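> need a structure here:
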Amino acid sequence: MKVNLSEKFALIDEHWRPKIVGELNGQEIKLVKILGEFPWHHHEHEDEMFLAVKGSFRLEFRDRSVALGPGEFVIVPRGVEHRPVADEEAEVLLFEPKNVLNTGNVTDEKYTAPKGIKL
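Numbers count the residues shown, from 1 in each chain. This is a model prediction of the structure:
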């Protein structure tokens, strides 16, 4: 199945709520628009990949910050505390195991997204 990222991102009208656009081998490919600061969190059992598609953002870790622009990605190892921060809206592709909670070990009314929402 062919997926056009620009078309799929155009369907997203909220921030911090990842949407599934593909699945393979127990992994999900998700798209999300981000703006502002996400809560600090970690994922106990899962690694996460953040790929900047449009705009720029940074992944903050307790000991450093990594700036990402279009076409760049970072893999966050399981158990590592982090948070994405975007000063302006950015479009991000996430690659992670199926049913991962976007806020990891934290539940937050504003940021915790329902699992399994597909575009």
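> what packs against the longest strand along the chain?
The strand that spans the most residues within the chain, counting by DSSP state E, is strand 82-97. Judged by 3 or more CB pairs under 8 Å, 6 or more residues apart in numbering; DSSP states H and E, strand 82-97 is in contact with helix 5-10, strand 27-37, strand 48-54, strand 57-61. All C-beta atoms are positioned from the backbone trio N, CA, C, and that covers glycine.
> How about residue 96: what's its closest non-neighbour residue?
Nearest non-adjacent residue to residue 96, counting by CB to CB, 6 or more residues apart in numbering: residue 48, 4.8 Å away.
> For the longest strand of the chain, which residues meet the burial criterion?
82, 83, 84, 85, 86, 90, 91, 92, 93, 94, 95, 96 (16 or more other CB atoms under 10 Å).
> Tell me what the last one is bridged to.
Think residue 96. residue 28 (DSSP bridges).
> how many neighbours does residue 57 have?
23 (other CB atoms under 10 Å).
> Revised request: answer the last question for residue 76.
Neighbourhood size, residue 76 [other CB under 10 Å]: 21.
> what sits against it?
43, 47, 48, 49, 50, 59, 82 (CB atoms under 8 Å, 6 or more residues apart in numbering).
> repeat that for 6 Å
When the contact criterion is CB atoms under 6 Å, 6 or more residues apart in numbering, the partners of residue 76 are 48, 82.
> With the one 3 residues further on instead?
By CB under 6 Å, 6+ apart, the contact list for residue 79 reads residue 42.
> any idea what sits nearest the residue positioned nearest the centre of the chain, other than its immediate chain neighbours?
In the chain, the residue lying closest to the centroid (CA atoms, centre = their mean) is residue 94, at 4.6 Å. Among residues not flanking residue 94 along the chain, residue 30 sits closest, at 4.3 Å (CB to CB, 6+ apart).
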